[in-house]
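J.: just coords:
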Ligand code: OAD
C-alpha cells in the first residue's frame, strides 16, 4: 500500500473524476489465457520479433508471417474477456469522459463492450491491403495464403503495427488528447518496454493527472506513477468499480 493509499481510495478518486484514461497491455489479457510477450512464459522467449513482426520479415517471407498470425488467431479465437475487461466496459458507462488506450491486438476490450477505445498497435481481426491500404474485418481461422484484396488483388497483411512502423496518426491524436485531459490515468498490465506507451505515465502526470499502475510486478513505469498496486488484473480492476 504505497503512499498509504488503498485501491479503494483510488476507486473513490475515480468516482469523483471527470475524466479517466486507461492504458492496457498484455497483462490484462493474461487472465483470459492470452500469452504475454515478455517474462518467463512470454512469446518473445521463443520467437524473434524481427523475424515475425516487422515489415522486413513480411517482405522476406509473407507465408511465415501469416503462419505466425494464423497460430495466434487460432489461439485467440478461443479466448473471452475476463473480469478486468468487463469492469472497464462498466466504468465507461458510469463516467462522463472515459477512454481506453490498448496495446493489445486481441479485440477483447471490444468484445467486453468498450467503445471509447484506441487500439494503438492494431487489431489481429483486421487485415489491410499492402497496395490500396483498405482495412477490412476478417475472422477467418486460418487465413488462406496468399490472401488477396478483393478490390485491387494486392497481398493482404495483418492490420498490426509492427516493429519499426509508426503508429496511426489518428490513434496518436486520440491517445494524447485522452492523456492530456484526464484527471486519472490507470495503467494495467504493461511492461513499459515499448514506446510510445512507455512514456504515457509522465505525459499524463505533466498535464496534472494522478497516475495509478496495476501489475503483478514492479516495472520501469512503477517509479513514475503516484501509486502502484501489485496483483492480477482480473482481481484488482473490478475493485475500481
Ligand atoms: P509485455 O509482455 O511486455 O508485458 C506484460 C505485462 O503484464 C508485464 O509487466 C507483466 O508483469 C504484466 N502481467 C502479467 N500477467 C498479469 C496479470 N494477470 N495482471 C496484471 N499484470 C500482468 O506486454 P506489453 O507491455 O503489452 O507489440 O507489450 C507491449 C508490446 O510489445 C505489445 O503490444 C507487442 C509487444 O511486442 C506488438 O506486437 C506491436
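T.: Received the coordinates, thanks. Since the model is a prediction, treat every value here as computed from it, not as a measurement.

J.: and the gap between residue 94 and residue 11?
T.: Per Cβ to Cβ, to the nearest Å, residue 94 is found 11 Å from residue 11. (C-beta placed from N, C-alpha, C; glycine too.)

J.: what sits against residue 196?
T.: 167, 172 (Cβ atoms under 8 Å, 6 or more residues apart in numbering).

J.: any idea how far the ligand is from it?
T.: Noted for residue 196: a distance of 11 Å to the ligand, by Cβ to the nearest ligand atom, to the nearest Å.

J.: hmm, back to that, and for residue 94 and residue 11, which residues touch both?
T.: residue 241.

J.: Determine if any part of the longest strand along the chain is in contact with the ligand.
T.: What stands out as the longest strand in the chain, according to DSSP state E, is strand 122-129. No: judged by Cβ under 6 Å from any ligand atom, strand 122-129 makes no contact with the ligand; its nearest approach is 7.4 Å.

J.: Using neighbour counts, pick out the buried residues of stretch 92-105.
T.: Going by neighbour count (16 or more other Cβ atoms under 10 Å), the buried part of stretch 92-105 is 92, 95, 98, 99, 100, 101, 102, 103, 104, 105.

J.: swap in stretch 147-157?
T.: For stretch 147-157, by 16+ other Cβ under 10 Å, it's 147, 149, 154, 156, 157.

J.: In terms of secondary structure, what does the longest strand of the chain contact?
T.: With contacts taken as 3 or more Cβ pairs under 8 Å, 6 or more residues apart in numbering; DSSP states H and E, strand 122-129 sits against helix 62-76, strand 135-137, strand 156-160.

J.: among those, which is the most enclosed?
T.: strand 156-160 (a mean of 22; mean count of other Cβ atoms under 10 Å).

J.: so how far is residue 171 from residue 134?
T.: Counting by Cβ to Cβ - residue 134 and residue 171 are separated by 18 Å.

J.: quick one: which of these two has more around it?
T.: It is residue 171, of residue 134 and residue 171, that has more neighbours when counted by other Cβ atoms under 10 Å, with 17 against 14.

J.: Relative to the ligand, how far out is the more buried one?
T.: 12 Å.

J.: so what's that residue up against?
T.: Listed by Cβ under 8 Å, 6+ apart, the contact set of residue 171 reads 118, 119, 120.

J.: The residues you listed into TSV, with extra columns for pLDDT, neighbour count and distance to the ligand?
T.: Conversion of these to TSV gives the following (pLDDT from 0 to 100; neighbours: other Cβ atoms under 10 Å; distance: Cβ to the nearest ligand atom, whole Å):
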residue	pLDDT	neighbour count	distance to the ligand
118	98	23	13
119	98	23	10
120	98	22	8
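
J.: now, which of the residues you listed sits nearest residue 34?
T.: Closest to residue 34 out of the contacts of residue 171 is residue 119 (14.5 Å), distances taken as Cβ to Cβ.

J.: Which strand residues bridge the closest one?
T.: residue 102 (DSSP bridges).

J.: where does the protein have low pLDDT?
T.: Filtered on pLDDT under 70, the chain yields the residue ranges 1-2.

J.: The same query, at a cut-off of 50, please.
T.: Under the criterion pLDDT under 50, the flagged ranges of the chain are 1.

J.: can you pull out the strands in it?
T.: Under DSSP E, the chain gives strands at 19-24, 97-102, 117-119, 122-129, 135-137, 156-160, 184-188, 210-215, 227-230.

J.: Could you figure out how far the fourth one is turned away from strand 156-160?
T.: For strand 122-129 against strand 156-160, the angle between stretch directions is 150 degrees (axes from the mean of the first three to the mean of the last three Cα atoms, to 10 degrees).
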